[in-house]
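In: Show me the folded form of this:
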Amino acid sequence: MDILLDFRPGQWGLLILPRSMRPKVLTGLGLLAERGPLLVLDGGNGFNAYTVSRAVRGRDEVLARIRISRAFTCYQMVSLLESVPADKTPVVCLDFLATFFDEALPNHERHRLLKSCLPHLARLGKAAGVMVAVSPPRVILPETATFLELLTNAAGSVWSAEFPSPCPEPLRLF
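Out: Okay, here's the model as predicted:
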């Protein structure tokens with residue numbers, strides 16, 4: 001996961017990939033922690049410490065460099081971003097949009113909260129670099145289609161992985 005390892009202070013990057021690539025991202029987190037401290041903000045509860053541990057061959061000194069905070073709502077994601085100091089620690093936001101796809105909140109509120117995250121991503125990106133990883137849902141509703149577009153337009157750089165194409169429908173004989 002070379003893209004994940006390419007942190008550049010001064011901007012924040014967006015990584016759009018399918019959920020099937022999450023193990024590669026977690027392996028990349030382990031390799032990134034070999035360089036120094038790392039802050040992971042997990043929006044989709046997808047951080048698997050076992051996968052990261054295997055990537056660094058169980059070295060406790062590397063695992064101790066990773067600090068993780070989880071957000072279960074979009075309000076918590078905003079709060080986490082507000083509370084992170086702009087220091088030299090790189091930040092990785094895993095499955096960032098997962099909390100914003102929660103249909104329990106009105107769309108305009110989720111949209112407002114997502115917009116309020118953008119200045120914090122820019123602030124943190126200037127100090128040490130931020131990588132935001134997102135996995136769009138299988139079905140994108142019209143009211144949430146703008147969420148990914150909003151992130152894409154605000155990011156300093158955007159990388160998109162190939163999404164697996166859907167299986168072709170089987171031929172019908174009758």
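
In: Please count neighbours and contacts with C-alpha atoms only from this point.
Out: Will do.

In: Buried residues of stretch 63-79, list them for me.
Out: Under the neighbour-count criterion of 16 or more other CA atoms under 10 Å, stretch 63-79 has L63, R65, I66, R70, A71, T73, C74, M77, V78 buried.

In: Same question for stretch 95-103.
Out: Using 16+ other CA under 10 Å as the test for burial, stretch 95-103 gives D95, F96, L97, A98, T99, F100, F101.

In: Skipping adjacent residues, who's closest to the first one in space?
Out: I take that to be D95. On the basis of CA to CA, 6 or more residues apart in numbering, the spatially nearest residue to D95 that is not a chain neighbour turns out to be V134, at 4.6 Å.

In: next one: phi and psi at the one you found?
Out: Comment: the main-chain dihedrals of V134 come out as phi -130, psi 150, following degrees, to the nearest 10.

In: Looking at strand pairing, list the partners for it.
Out: Here V134 shows beta-bridge partners I16, assigned using DSSP bridges.

In: what sits against it?
Out: Listed by CA atoms under 8 Å, 6 or more residues apart in numbering, the contact partners of V134 are L14, L15, I16, L17, L94, D95, F96, L97, A98.

In: A155 versus the second one, what's the distance?
Out: In other words, L15. Counting by CA to CA, to the nearest Å, the separation of L15 from A155 is 10 Å.

In: Tell me which of the two has more neighbours.
Out: A count of neighbours by other CA atoms under 10 Å puts L15 above the other of L15 and A155, at 23 against 20.

In: Okay, T152 and L38: tell me how far apart.
Out: Distance, T152 to L38, by CA to CA: 23 Å.

In: Give me the more crowded residue out of the two.
Out: More neighbours surround L38 than the other of T152 and L38, with 23 against 17 (other CA under 10 Å).

In: With only the CA atoms kept, save the top helix by length along the chain in CSV.
Out: Ranked by residue count and defined by DSSP state H, the top helix of the chain is helix 107-127. As requested, C-alpha coordinates have been extracted for helix 107-127 and formatted as CSV (Å, rounded to 0.1, in the frame of the first residue of the first chain):
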residue,chain,number,x,y,z
ASN,A,107,-29.3,14.5,5.4
HIS,A,108,-28.7,18.3,5.8
GLU,A,109,-27.3,17.7,9.3
ARG,A,110,-24.9,15.0,8.1
HIS,A,111,-23.9,17.3,5.2
ARG,A,112,-23.2,20.2,7.6
LEU,A,113,-21.1,17.9,9.9
LEU,A,114,-19.1,16.6,7.0
LYS,A,115,-18.4,20.2,5.9
SER,A,116,-17.3,21.1,9.4
CYS,A,117,-14.6,18.3,9.2
LEU,A,118,-12.9,19.7,6.1
PRO,A,119,-11.1,22.6,7.9
HIS,A,120,-9.8,20.2,10.5
LEU,A,121,-8.5,17.8,7.9
ALA,A,122,-6.7,20.8,6.2
ARG,A,123,-5.3,21.9,9.6
LEU,A,124,-4.0,18.5,10.5
GLY,A,125,-2.7,17.9,6.9
LYS,A,126,-0.5,21.0,7.1
ALA,A,127,1.3,19.8,10.2
